[in-house]
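>>> What follows is a predicted structure for the sequence shown.
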Amino acid sequence: MSLRAGGFVLAGALALTGCAHTAAGLPPDTVTRLASTSGGFLSGAVEGFDGEPTVLNRKDFIWALDFAPKGHRVAYTRLGDKAYHVSIWDLAPASAQSGDASAPVMRADPQVNVQQYDLEGVAFSPDGAKVATVSRSGAVQLFDAATGAQVGALATEEPLVSVAFHPDGRWLAVGSAQGLVSLLSVPELAFGAEARLHTGPVSALAFAADGTLYSGGWDGHVRASDTPEQALRPDVARTHFERRGGFAAVQGRVDSGPPVVLALDSRTPVVVLTTAAATASGIDVAFLKDTVTVPGALGNTVARLARGRTLRFKAMTLPGVDVAVCDACVPQGSQGVLGAPFSERVDTVFDETTAEAVLTLKGGAPEGATPATARALTPRLDFTFPAHVNDVTVDARGKRLGVAFSQEKAERNRTVYERERKGVEEPRGPWNAGALVDAASGQVLRKWELHHGVVSTAAIAPDGRSLASGGWDRRVYLFTDGAPEAKGELEFGWSVRRVRFAPDGRQVGVAAWTPQKATGSQESDPAAVVVGVRYASPTVEPRAAPAAQ
């Protein structure tokens, strides 16, 4: 049986009244056990989608979506009229304990960044109290899930495309478009660890309950990394570098300011910032009284001097540095110069393979300094596939992965748009597929090749037995282990970007683009949807408590 609802097709389901976030289709005793089991989730073979879908958005391009591990909330990132936003919804605002259905309510919709930087990652903290976003601007931001107030922000060195919270809630993993995975503290967003685990975009990050981090990339790899606690080395930092105007340039910070590009030039007798970079770093240039003479290509320049600043390079700090403010003293393409006071205290070695500069304090860590503790990032397993990896999710036990593959890179270019405009259907293929993968060996346990073209996303059910996959063919399929055919199908107006199972397994959330309309109500096909999942003979299992590493 199929039901056409709001511009898309729901196949293999019954039309039920009420919202998809109710317990429709579950026996009363199962509902009771699920409510009374801490972290409980449904287990069993899925039969299809269940009930009327709940449409949260039908106007915008929706990029990413995540459910709160605790509480009936969902968040998605959307491209609005003037900026990107993160929308946070309460799916059960009325008396959830009584099981009464009520319409979802948007709790917050803060603006995150301007339109030119895609907002491709969103994640809830384990307690559901915070929402993290990552942007191709390089920014990581934390928001209060109840109010939408920003509670943390950090500008990083590389465009960011994926994000996930560690099970302990105190660390956040972010993945860059250039293969770098970093661990940041919550809520301070202080640097903890990093590793360049992939070449090209880190398309997905997912933590198992034991703290294992699974990362997927367009390079065809899924990697498993351990994240044990360790003491930070405050005397070493690895930072991205580029060759600009005859100089090697790295990114650093002055005091608590934003990242600035600093050219390395030991011939310059001082550390220099441009006026704009100094102002952004909190230096009130107009009130500086001291001056210093800085030699340059066009002669000497008298520059104002800010004394006793702190240079920061990830976990490494250099206190007590005097900084000159001089626009004419900085080479084009940089915002400052790391002169002799820097090179006298820091050894710099360049790793051309990873385009990273390794900075090491010559005197070692300051005497008496107490090493901070952080999560390490230690690669342990590497699974290689003959396809691009676009998404990775992990089940509640950490035993199986849900992986989305495509034979071509998931890059939206002119060729792709022309094919879509002409209605040319992409081919099916052995690696245009969603798959269940063994998390210990990387063995593909079950693969479904039903999508045409890029499979952009794959969500594994909490019990590891079922998979929801979505693709650029506008479809979401629901599969279960042991059944070759799809158990359910949704059809959207445009590309599906993300699918996710709710932590209890009762729902699937979908983020998609929709054909946008500039007139009238501007409403179009559904773009953010939550729909129930029906199980044949569901049981309830408890979720394992996060294990300390």
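Good, I have the coordinates.

>>> Please verify my assumption that Gly245 contacts Ala263.
Yes. The pair Gly245 / Ala263 is scored as a contact, 7.5 Å apart, by Cβ atoms under 8 Å. No exception for glycine: its C-beta is placed from N, CA and C like everyone else's.

>>> higher neighbour count, these two?
Ala263 (24 against 10; other Cβ atoms under 10 Å).

>>> Alpha carbons only: can I get the helix or strand the more buried one falls within in CSV?
For Ala263, the host element (DSSP states H and E) is strand 260-264. Extracted as CSV, the C-alpha positions of strand 260-264 are listed here (Å, rounded to 0.1, in the frame of the first residue of the first chain):
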residue,chain,number,x,y,z
VAL,A,260,45.5,35.0,12.0
VAL,A,261,47.9,34.1,9.2
LEU,A,262,51.4,34.8,10.3
ALA,A,263,54.5,34.8,8.0
LEU,A,264,57.7,33.3,9.4
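
>>> pretty sure Val31 is in a strand, no?
No. Judged by DSSP: H, G, I helix; E, B strand; the rest coil, Val31 forms no part of a strand; its state is helix.

>>> Tell me how far it lies from Val161.
As defined by Cβ to Cβ, to the nearest Å, Val31 lies at a distance of 38 Å from Val161.

>>> same deal with Thr77?
Noted for Thr77: a distance of 12 Å to Val161, by Cβ to Cβ.

>>> list residues touching both of those two?
By Cβ atoms under 8 Å, 6 or more residues apart in numbering, Thr77 and Val161 have these common neighbours: 120-121.

>>> okay, those two: which has more neighbours?
More crowded of Thr77 and Val161, by other Cβ under 10 Å: Thr77, with 29 against 24.

>>> what sits against the more buried one?
62-65, 84-87, 112, 119-122, 133, 511.

>>> ok, what's across the strand from it?
Beta-bridge partners for Thr77, by DSSP bridges, are Ala64, Val86.

>>> Tell me the pLDDT of it.
pLDDT recorded at Thr77 is 98.

>>> And the contacts of Thr77, which is closest to Thr275?
Nearest to Thr275 among the contacts of Thr77 is Val112, at 28.4 Å by Cβ to Cβ.

>>> secondary structure element for that closest one?
Taking DSSP H and E as the definition, Val112 sits inside strand 111-114.

>>> go on, Ala278?
Counting by DSSP H and E, Ala278 is part of helix 275-280.

>>> go on, Phe342?
In the assignment (DSSP H and E), Phe342 maps to helix 340-343.

>>> Can you show me the helices along this protein?
For the chain, applying DSSP state H gives helices covering 28-36, 275-280, 340-343, 414-422.

>>> Indicate which one of the ones you listed is closest to Arg223.
The closest of those to Arg223 is helix 414-422. By Cβ to Cβ, the value is 27.6 Å.

>>> And the contacts of that closest one?
426, 472.

>>> cool, stretch 357-367 as well?
233-241, 248, 250, 313, 316, 318, 344-351, 371.

>>> Could you do stretch 322-335 as well?
Taking Cβ under 8 Å, 6+ apart as the rule, stretch 322-335 contacts 244-247, 249, 254, 260-263, 265, 268, 270-278, 283, 285, 288, 292, 294, 296, 298, 301, 303-309, 336-337, 341.

>>> Quick check on those: which are buried?
247, 249, 254, 260-263, 265, 268, 270-275, 277-278, 283, 288, 292, 294, 301, 303-306, 309, 336-337, 341 (16 or more other Cβ atoms under 10 Å).

>>> quick one, what contacts Arg500?
Arg500 touches 65-67, 393, 459, 508-509, counting by Cβ under 8 Å, 6+ apart.

>>> For it, list each beta-bridge partner.
Residues in beta-bridge contact with Arg500 (DSSP bridges): Gly509.

>>> I appreciate the help and will end here.
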